[in-house]
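Novice: using only what follows, build the 3D model:
(chains A and B)
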Amino acid sequence: MVFTAENKQVTLTDAAAIVQDGMVVAVGGGLSWREPMALLRELIRQGRRDLHVVGTAHGVDVDLLCGAGAVSIIEESYVGFEQDFGMAPNYRRACQQGITSIHDTCCHTLLQQLRAAEYGVPFLPVRSVQGTDFLHLHPEYKTMTCPFSGLPLVLVPALAPDVAIIHAQYGDIHGNLKILPPLVADLLFIRAAKHVIVTVERLVSTDELRILGVNVPYFWVEAVVEVPFGAHPTSCYPFYAYDRAHLTDYYAAAQAGPESFARDYLTSYVYEPVTHDMYLERIGGASTQRALASWNESDDAWRALFTAPEGALA
Amino acid sequence: MNDIAPTALTVITYATLPEVMIYQVARTIQDGELVFHGYGSPVPALAMLLAKRTHAPHMIHIEGATYGVNPDPPFLPPTSNDWSLSRGSVMELGITDLFDIAARGEMGRMFLSGVQVDRYGNLNVTTIGDPAAPRVKLPGSGGGCNLSGDVQHVTIWTTGQRASHYTSGKRQFRFVNEVDFISSIGHVARDGRSRAGLGLRGGGPDWVVTELGVFDFEPRSHVLRLRALYPDTSVQDVLDNTEFTPEIALDVQTVPLPTPEQVALIRRFDPLNTHQREFKSSDVSRRFELSNSY
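Specialist: Residues are numbered from 1 along each chain as shown, chains lettered A, B, ... in the order given. A predicted model of the protein is given here:
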């Protein structure tokens, strides 16, 4: 869809209100990088339910939504904390207890589905997937013999998310954006989705943005909110590295069970700090922000951020 | 590119099992191949950094999550979508570039792991138990499902072939008769169809590197075949820790050890020892003397 309002700057509250219960939501970024965490926290505060999340390889974003009971269908290629902490506790519980239904996808499969939406065609083929159990997990995938080559193919339907939620480094009030790589699937989400909500680290003038280089034009974006540290606790270079000390606490609370996660994490970091400014105070204010921004002072400083809480943030 | 000499003048007299295993994974890489490792995979990441700086200088290194081309990272962080892993890259590919490269048949090799591995190299990283109501939900396959079909060659690696013991006396095998979910395809599907019958482009897994040994697949039966052991493992170790009966090569070798210079490279790229998080501490403490110290 295209959006032509001159000024798209709104509050976090209003931006989150675009997302409705039950929507198919594409969450931008990936793993521990540039995930739109401030907006997800606001969705949780607004009590959003039954979301169907789609994406490639994700981490704390999807795990947080699971821990808050906001998700009913998960169609991601991976949800976890890699070598850092391991499996995603809230995600696992939600899947294993049947709270969310498991629609695991695979990266290229999802890209083909998004591209079908982007290209305006009802499906696209893939050669892979055959012989795997993803065909049983997704009865909507079809198989056919290619009329040109005779090859067996898997056809995957177009997937147009109801809403894409993206955190970008730079944007202007019209919705023009500069997203720095890794772009993950964000540019596809933006083209395929019906609504696009963006939080940005820095709202700048259109002239400044032109110099930085626009890679998303304004007319695909419906709402823009300036949210510094809006990806915290994930990273958003060049502004900040991820907050390993915070994620360590998050993981411990999540691993200890749903009650402790609600008490020790959701209450402290989502429900009580009702504004993003209050959240920034809760995570340690200016000193935490300075520490996370220190990654580019030296390789040693950068490396120390990955040993926190023992290292720089101790 | 960094030069090979480490900055600290430490004498390297031994390699750990993880370092020797990284070297075995590196040896599966051919010079001139376009090679990709998945995210959350420090063992193949280090193998690629090592291969490009030793026997495979023309290897094209595509980084696991940033898709950086030929990076020269200052260190390996414990999370993959990090700018440290892109440093020195010419550029970062887009996600569709990366998967289209594989779908077109241009990706020479990638690396896959699994919580369950069967005799044909089918891997499970999705669910343990009934997929509709799983006992354990695993993190998922990322791009592995598609890439297992498309990539020319796959190296399977796992640091956990050794079966765990439960107090009940039951053993949990990683190398199993049947995987609960086929997340990525090996040589033969559940219904007996071969890769050619499935119309898959790639050749499938050709090497399997574990903490117990190095395997390939017997060319006619496509069954896992032991090719080499570490200096401290035996054929019996492999048989005891594999639920099915693997093929055993007639001339099982002892794996070659890396040189001290190669070990120095691994240690320089991974000062945080991120790769050790993949291993049991009993395997990290396995050490092999090197003949020429450095």
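Novice: what pLDDT, on average, does the longest strand along chain A get?
Specialist: Longest among the strand segments of chain A by residue count, using DSSP state E, is strand A:71-81. The pLDDT scores in strand A:71-81 average 98.
Novice: helices or strands up against that strand?
Specialist: Applying 3 or more CB pairs under 8 Å, 6 or more residues apart in numbering or on different chains; DSSP states H and E, we find strand A:71-81 packed against strand A:51-58, helix A:60-67, strand A:86-87, helix A:89-96, strand A:101-102, helix A:107-119. Every C-beta, even on glycine, is put in place using the N, C-alpha and C of the backbone.
Novice: does the second one come close to chain B?
Specialist: No. Between helix A:60-67 and chain B, judged by CB under 8 Å from any CB of the partner chain, nothing touches; the nearest distance is 10.3 Å.
Novice: so how far is A:Ala88 from the nearest residue to A:Ile74 once chain neighbours are set aside?
Specialist: Setting aside the residues directly before and after it, A:Ile74 is nearest to A:Thr100 in space (CB to CB, 6 or more residues apart in numbering or on different chains), at 5.1 Å. According to CB to CB, to the nearest Å, A:Thr100 and A:Ala88 sit 12 Å apart.
Novice: phi and psi next, for residue 209.
Specialist: If you meant another chain, say so; for now it's chain A. Torsion angles at A:Leu209 (phi, psi; degrees, to the nearest 10) stand at phi -70, psi -40.
Novice: chain B was what I was after
Specialist: phi -120, psi 120.
Novice: equivalent analysis for A:Tyr170, please.
Specialist: According to degrees, to the nearest 10, A:Tyr170 has phi -130, psi 150.
Novice: could you report the neighbour count for it?
Specialist: 20 (other CB atoms under 10 Å in any protein chain shown).
Novice: and it, what does it touch?
Specialist: A:177-178, A:200-202, A:204, A:208-209, A:212 (CB atoms under 8 Å, 6 or more residues apart in numbering or on different chains).
Novice: and B:Leu147, what helix or strand is that in?
Specialist: Under the criterion of DSSP states H and E, B:Leu147 resides in helix B:144-150.
Novice: and if you look at B:Phe99?
Specialist: Going by DSSP H and E, B:Phe99 is part of helix B:95-103.
Novice: helices along chain B, start to end?
Specialist: B:17-27, B:42-52, B:95-103, B:144-150, B:235-240, B:260-269, B:281-284 (DSSP state H).
Novice: highest mean neighbour count out of the ones you listed?
Specialist: Sort the helices of chain B by mean neighbour count, taking mean count of other CB atoms under 10 Å in any protein chain shown, and helix B:144-150 sits at the top with a mean of 29.
Novice: and that helix, what other elements does it pack with?
Specialist: Secondary elements touching helix B:144-150 (3+ CB pairs under 8 Å, 6+ apart): helix A:107-119, helix B:95-103, strand B:109-112.
Novice: possible to save the ones you listed as CSV with mean pLDDT and distance to B:Val238?
Specialist: Shown next, in CSV, are the helices and strands packed on helix B:144-150 (pLDDT from 0 to 100; distance: least, CB to CB, whole Å):
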stretch, mean pLDDT, distance to B:Val238
helix A:107-119, 98, 33
helix B:95-103, 98, 31
strand B:109-112, 98, 20
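Novice: out of these, which is closest to B:Leu272?
Specialist: Closest approach to B:Leu272 among the helices and strands packed on helix B:144-150 is made by strand B:109-112 (20.2 Å; CB to CB).
Novice: what sits up against the closest one?
Specialist: Against strand B:109-112 from outside (CB under 8 Å, 6+ apart): B:25, B:28-30, B:33-38, B:41, B:43-44, B:47, B:102, B:123, B:144, B:147-148, B:151-157, B:184, B:205.
Novice: strands paired with that strand, and their directions?
Specialist: strand B:34-37 (parallel), strand B:153-158 (parallel) (DSSP bridges).
Novice: dump the first one to PDB, keeping only the CA atoms.
Specialist: Right, strand B:34-37. Output of strand B:34-37 as PDB, limited to C-alpha atoms (Å, rounded to 0.1, in the frame of the first residue of the first chain):
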ATOM      1  CA  LEU B  34      31.900 -19.900  -2.600                       C
ATOM      2  CA  VAL B  35      31.400 -20.900   1.000                       C
ATOM      3  CA  PHE B  36      28.800 -19.900   3.500                       C
ATOM      4  CA  HIS B  37      28.300 -20.900   7.200                       C
END
